[in-house]
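Student: I'll drop the sequence and a predicted model, then ask my questions.
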Amino acid sequence: MNYTDFEFDEALKQRLDSLYSQNRQPHAIVIEGADAEKCKGLATFLTMRAVCRAENKPCGKCEQCIKAREKVHPDIYYAQPEKKSQIYSIEQMRDIIENASIRPNEADIKIFVFESADTRLSPVVQNSFLKLLEEPPQNCLFLLLCKNSRGLLNTILSRCTVLTVKGEESYSEQATELARAVAEGTIAPSEWQLLSALTGFSDRKLADETLAVLTVIFRDCIAVARGISARIDGQLAQKLNKRITTGMALQLVEATELARQKIPQNVNMDLLSAFLSGEYRRIIWQR
Ligand SMILES: [Zn+2]
């Protein structure tokens, strides 16, 4: 295997070497890691590895490698989420299932890549995908990228090779502090504390990062309920866990992700704060 141009740690290289030993080719791989860019890097590596014609794959120089790297290879399909909902629809999955049975054009293999599979593949769509994995068509490779493989059904995971990419997302202290204040505000009896924390959202870039941290904080709340350690703040996660059920935490994650998607669409930030405060209060206080 040729790792030139790719920065993988030794553990990952060893894992890849053994995975591909004796010319094996897995048909479904889950790439899990907090650092989305690193996960995408590994996906690119694997697509190049799969289509490369050279002896020491991926050579990075042949036409197949170049097309894979530039994401213009006709046999490598990157699933695009629906514009509005940001999820992969059931219709899309049906198209993919049909497409998977058709022979590749240039390479010996067809590859389907799903980014953010843990948040963009609903359980219903995962179930239809599962049928494909149960009887995988010949010469296909499916790559599912995710932050957390717990977002995927166990039945899916049991049919995939899971590769973990090390690397933490790093957040600024300012965003982490603001996210903490907002999270504390969600469980405060008076709405004032939440509204006051959300005034920090006047800065668009800071708000975007803060919402990313908040998603992790609410996920931490689910993690500690399951005895898994928190990534941001263990004490805060425990405190939230006393007040918030797992169901609520999932709704909070959804509301936060929805709010975050609105930022690139130039939403008015006061409206965004009002939306968030309304959603958080509705979810936690049922009002
Ligand atoms: Zn090549």
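Tutor: Received the coordinates, thanks. Residues are numbered from 1 along each chain as shown.
Student: For residue 287, give me the pLDDT.
Tutor: For residue 287, the pLDDT comes out at 58.
Student: Dump the C-alpha coordinates for the lengthiest strand in the chain into PDB.
Tutor: The strand that spans the most residues within the chain, counting by DSSP state E, is strand 140-146. Output in PDB follows, covering the C-alpha atoms of strand 140-146 (Å, rounded to 0.1, in the frame of the first residue of the first chain):
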ATOM      1  CA  CYS A 140     -19.200  -2.500  -5.100                       C
ATOM      2  CA  LEU A 141     -17.700  -0.600  -2.200                       C
ATOM      3  CA  PHE A 142     -19.800   1.400   0.200                       C
ATOM      4  CA  LEU A 143     -18.200   4.000   2.400                       C
ATOM      5  CA  LEU A 144     -20.100   5.500   5.300                       C
ATOM      6  CA  LEU A 145     -18.500   8.500   7.000                       C
ATOM      7  CA  CYS A 146     -19.700   9.500  10.400                       C
END
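Student: when you give positions from now on, start the count at 51
Tutor: Done: numbering now begins at 51, and the last item shifts to strand 190-196.
Student: tell me what it is packed against?
Tutor: Packing partners of strand 190-196 (3 or more CB pairs under 8 Å, 6 or more residues apart in numbering; DSSP states H and E): strand 78-82, helix 86-101, strand 160-164, helix 167-170. All C-beta atoms are positioned from the backbone trio N, CA, C, and that covers glycine.
Student: average model confidence for the last one?
Tutor: So that's helix 167-170. For helix 167-170, mean pLDDT rounds to 88.
Student: contact partners of it?
Tutor: Helix 167-170 is contacted from outside by 80, 131, 136-138, 164, 194-202, 307, using CB atoms under 8 Å, 6 or more residues apart in numbering.
Student: Looking at neighbours, which among those residues is most surrounded?
Tutor: In terms of neighbour count, residue 194 stands highest of the contacts of helix 167-170 at 29 neighbours, by other CB atoms under 10 Å.
Student: circling back to that earlier point, between the contacts of helix 167-170, which is closest to the ion?
Tutor: The closest of the contacts of helix 167-170 to the ion turns out to be residue 195 (CB to the ion; 22.1 Å).
Student: Test my guess that that closest one contacts residue 171.
Tutor: No: with contact defined as CB atoms under 8 Å, residue 195 does not reach residue 171; the gap is 10.8 Å.
Student: Need the overlap of contacts for the two.
Tutor: Counting by CB under 8 Å, 6+ apart, the residues touching both residue 195 and residue 171 are residue 164.
Student: Any regions of the stretch 151-300 of the chain where pLDDT drops low?
Tutor: Along the stretch 151-300 of the chain, segments meeting pLDDT under 70 are nowhere present.
Student: Name the residues of the chain found near the ion, please.
Tutor: Listed as neighbours of the ion in the chain under the rule CB under 5 Å from the ion: 102, 104, 109, 112, 115.
Student: Mind jotting down where the helices sit in this protein?
Tutor: 60-69, 86-101, 113-119, 140-150, 167-170, 173-184, 204-207, 223-237, 241-248, 254-275, 284-293, 296-312, 319-335 (DSSP state H).
Student: I'd like the ones you listed as a markdown table, with distance to residue 214 appended.
Tutor: Shown next, in a markdown table, are these (distance: least, CB to CB, whole Å):
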| stretch | distance to residue 214 |
| --- | --- |
| helix 60-69 | 8 |
| helix 86-101 | 10 |
| helix 113-119 | 23 |
| helix 140-150 | 25 |
| helix 167-170 | 13 |
| helix 173-184 | 20 |
| helix 204-207 | 12 |
| helix 223-237 | 24 |
| helix 241-248 | 34 |
| helix 254-275 | 16 |
| helix 284-293 | 22 |
| helix 296-312 | 21 |
| helix 319-335 | 31 |
